[in-house]
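Q: mind looking at a prediction? Sequence and model below.
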Amino acid sequence: MLRNIYLLLCLLGFALPYSQFIPFLTEYGLNLNLFFEQLFANRISAFFAMDLLISSIVFWVFLYWEGSRLKMSNLWVYLV
């Protein structure tokens, strides 16, 4: 049961963001200036963007720190 919930959340976590990103790519291409301009267009979108960026950095630091401490190999796999 819990495995199915995690699978559903994983699929939603993939599909929902890309349902917004792919139309942007098809319309504007990989225009990074426009991407960041729209990402920080207002305070609420900047809030979510900064929260995601900080959470990502925390995860990378945690992954490196704990992976090194536990002598785990192929840490890059967890970033993918």
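A: All right, it came through fine. Numbers count the residues shown, from 1 in each chain.
Q: figure out how far the helix or strand of the chain at the bottom of the mean pLDDT ranking is from the centre of its chain.
A: Averaged element by element with mean pLDDT, DSSP states H and E, the chain has its least confident helix or strand at helix 76-79 (a mean of 82). With CA atoms, centre = their mean, to the nearest Å as the basis, helix 76-79 stands 13 Å off its chain's centre.
Q: repeat that for stretch 55-69.
A: Taking CA atoms, centre = their mean, one finds the center of stretch 55-69 at 15 Å from the center of the full chain.
Q: one step back: which other helices and strands contact the least confident helix or strand of the chain?
A: Counting contacts by 3 or more CB pairs under 8 Å, 6 or more residues apart in numbering; DSSP states H and E, helix 76-79 is packed against helix 43-69. Glycine gets a C-beta too; all of them are placed from N, C-alpha and C.
Q: average pLDDT across the helix it packs on?
A: Taken as a whole, helix 43-69 has an average pLDDT of 94.
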